[in-house]
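Trainee: any chance you could fold what I've pasted below:
(chains A, B, C, D, E and F)
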Number of protein chains: 4
Amino acid sequence: MHLRLEPASGSPVYQQIVDQVKRMVAAGTLRTGDRLPTVRELASQLIINPNTVAHAYQSLERDKIIETRRGLGSFICEPDSQLSHDARIKQVSDLIERAVVEAHHLNVSADEVRKLLEGHFRTLYPLEDTIHE
Amino acid sequence: MHLRLEPASGSPVYQQIVDQVKRMVAAGTLRTGDRLPTVRELASQLIINPNTVAHAYQSLERDKIIETRRGLGSFICEPDSQLSHDARIKQVSDLIERAVVEAHHLNVSADEVRKLLEGHFRTLYPLEDTIHE
Amino acid sequence: MHLRLEPASGSPVYQQIVDQVKRMVAAGTLRTGDRLPTVRELASQLIINPNTVAHAYQSLERDKIIETRRGLGSFICEPDSQLSHDARIKQVSDLIERAVVEAHHLNVSADEVRKLLEGHFRTLYPLEDTIHE
Amino acid sequence: MHLRLEPASGSPVYQQIVDQVKRMVAAGTLRTGDRLPTVRELASQLIINPNTVAHAYQSLERDKIIETRRGLGSFICEPDSQLSHDARIKQVSDLIERAVVEAHHLNVSADEVRKLLEGHFRTLYPLEDTIHE
DNA sequence: GTGGTCTAGACCACA
DNA sequence: GTGGTCTAGACCACG
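Mentor: Numbers count the residues shown, from 1 in each chain, chains lettered A, B, ... in the order given. As a prediction, the model looks like this:
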């Protein structure tokens, strides 16, 4: 597994790890049952404090993305969204709203936003036919 | 002007103020020239420290959402982003990406995301003919 | 890193810190990757409140002069202005205009101003052949 | 006399008045002996508080730009720079340095700065032959 | 009466 | 140990 940290990104290192793992799961690069590097492995690979990796893994475990088995390591687990449909929609909706509000203030047109959205869909689902309409 | 703080949200109070003001400006609830409550007014209304409100207002001023005139108060100003086109697109793109990844992870389909996007557009630009579809 | 405050200058302490750091970066005294003193270090060195230093550092971070990593400290970062070309030119132009008007008023000739300008260029870019003349 | 305030400029109103009067004196629009509008006239013209105009006039008087004669009004006075040559040069030099440092950070080239300088000279001395070699 | 600056000191998130 | 957030309260600049 290969992760890349961007120290300049402003977001905390542990969060970057969480996000990238989520993205890899979303993209299919990581699948159910895959084993993550150990805390120490990843820490030495990224040259960061093991506590930081541990923090990231705990966060992923709370979100039911991975499960940790003592003495074996951490593994991607079954997708299991315990949140209600409404709660999940709301979470995404809030993120979309934020993007739309920011686009408005930055004078980015609705069509440009749509293009960005489709672009990111294509990145996530490169094989699917996502042609819209 | 009415703001609501969610102490449980985890995001800093000053950020909540910033986000809500931005949303109101984008939605047209606040328009160019409108005066915000004074720092002290809003602070006593929300029962928070005036410095926290001041922090939020200064952040809004940096983003050219409001302009502040000593002795007079703070006012919504003309939209004018001095950022380059690329920088503006990137900022929106990052937010969209985050939403798309989260949507995938929460098992929210691309079409549902598109619907959410169009919904938020309609809220912001209710009169325009969005053509899309 | 050594900074000197001038209490009599009239300009806010945090602004003096910002200006001096910017000057050191421009002059090459501070380079990309260099670490600034911690907020608390600089505060105790200058005998001012840590919040004041934090204010200065946050201002420098907004201007992309430094980047700050929680738990690690603040570092000079790659120059990268996201402002549009016009906005950048205007900002410099305003400062030049102010200097020119003040020069006229203080009866400092155009040629003297040109010499001052070239002098400051030489300080910043001592190795380059400025061609000019 | 015609002044224009820019509420968005960030600089205090009284300072804008001071700067514009200085600029007009520098440009020759206002000459020794010319009478300024009364405090009340200018205040009602700019729709601002008379105290603000009075503050600006007091500042101009401190700098020996104008002199106020009870019952008669305020008049542009003889240029009389009491500051030493060095002090005057230093004042201009500081402003130029600030512009140069800012230009560096905004990635504005030395030649662009020179062009801006000559441009402002031309605005101030439109009739003189300021062609620089 | 506006907002701006600064101090003092508490508590939290992050590494 | 870093920096970030928030509170409390003083004093100043501005209108």
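
Trainee: from here on, contacts and neighbour counts on C-alpha atoms
Mentor: Fine.

Trainee: in contact with the residue in chain A that DNA strand F sits nearest to, which residues?
Mentor: Residue of chain A nearest DNA strand F, by Cα to the nearest atom of the strand: A:G10 (9.0 Å). If you count contacts by Cα atoms under 8 Å, 6 or more residues apart in numbering or on different chains, A:G10 has them with C:E67, C:T68, C:R69.

Trainee: who is the second one paired with across the strands?
Mentor: For C:T68, the beta-bridge partners are C:S74 (DSSP bridges).

Trainee: surely it and C:F75 touch.
Mentor: Yes. Applying Cα atoms under 8 Å as the test, C:T68 and C:F75 come out as touching, 6.2 Å apart.

Trainee: which residues does stretch A:120-128 contact?
Mentor: A:A26, A:A27, A:T130, B:I96, B:E97, B:V100, B:V101, B:A110.

Trainee: now do stretch A:44-56
Mentor: Contacts of stretch A:44-56 (Cα under 8 Å, 6+ apart): A:L3, A:R4, A:L5, A:V13, A:Y14, A:Q15, A:I17, A:V18, A:V39, A:R40, A:L42, A:A43.

Trainee: what is the neighbour count of A:L95?
Mentor: Applying other Cα atoms under 10 Å in any protein chain shown, we find 20 residues neighbouring A:L95.

Trainee: can you tell me the closest non-neighbouring residue to it?
Mentor: B:A99 (5.4 Å; Cα to Cα, 6 or more residues apart in numbering or on different chains).

Trainee: contact partners for that neighbour?
Mentor: B:A99 neighbours (Cα under 8 Å, 6+ apart): A:V92, A:L95, A:I96.

Trainee: check contacts around the closest residue to chain C within chain A.
Mentor: Proximity of chain A to chain C (Cα to the nearest Cα) peaks at A:A8, 6.5 Å away. A:A8 makes contact with C:E67, according to Cα under 8 Å, 6+ apart.

Trainee: cool, and A:V101?
Mentor: Per Cα under 8 Å, 6+ apart, neighbours of A:V101: B:K22, B:R23, B:A26.

Trainee: so the first one makes contact with B:K64?
Mentor: If I follow you right, that is B:K22. No. Using Cα under 8 Å, B:K22 is not in contact with B:K64; the gap is 10.6 Å.

Trainee: more neighbours: which of these two?
Mentor: B:K22 (24 against 18).

Trainee: quickly check: the helix or strand that contains that one near DNA strand E or not.
Mentor: Assigned by DSSP states H and E, B:K22 falls within helix B:13-27. No. Judged by Cα under 7 Å from any atom of the strand, helix B:13-27 makes no contact with DNA strand E; its nearest approach is 12.7 Å.

Trainee: what helices or strands is that helix leaning on?
Mentor: Here helix B:13-27 touches helix A:85-105, helix B:50-62, helix B:110-124, going by 3 or more Cα pairs under 8 Å, 6 or more residues apart in numbering or on different chains; DSSP states H and E.

Trainee: columns mean pLDDT on top of those, output as CSV?
Mentor: Formatted as CSV, the helices and strands packed on helix B:13-27 follow (pLDDT from 0 to 100):
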stretch, mean pLDDT
helix A:85-105, 92
helix B:50-62, 95
helix B:110-124, 95
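
Trainee: could you export those as CSV, including distance to C:D86?
Mentor: Shown next, in CSV, are those (distance: least, Cα to Cα, whole Å):
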stretch, distance to C:D86
helix A:85-105, 19
helix B:50-62, 18
helix B:110-124, 29
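
Trainee: of all the ones you listed, which lies closest to A:E118?
Mentor: helix B:110-124 (9.0 Å; Cα to Cα).

Trainee: so which bits of that closest one are buried?
Mentor: B:A110, B:V113, B:R114, B:L116, B:L117, B:E118, B:G119, B:H120, B:F121, B:L124 (16 or more other Cα atoms under 10 Å in any protein chain shown).

Trainee: nice, that's everything, thank you.
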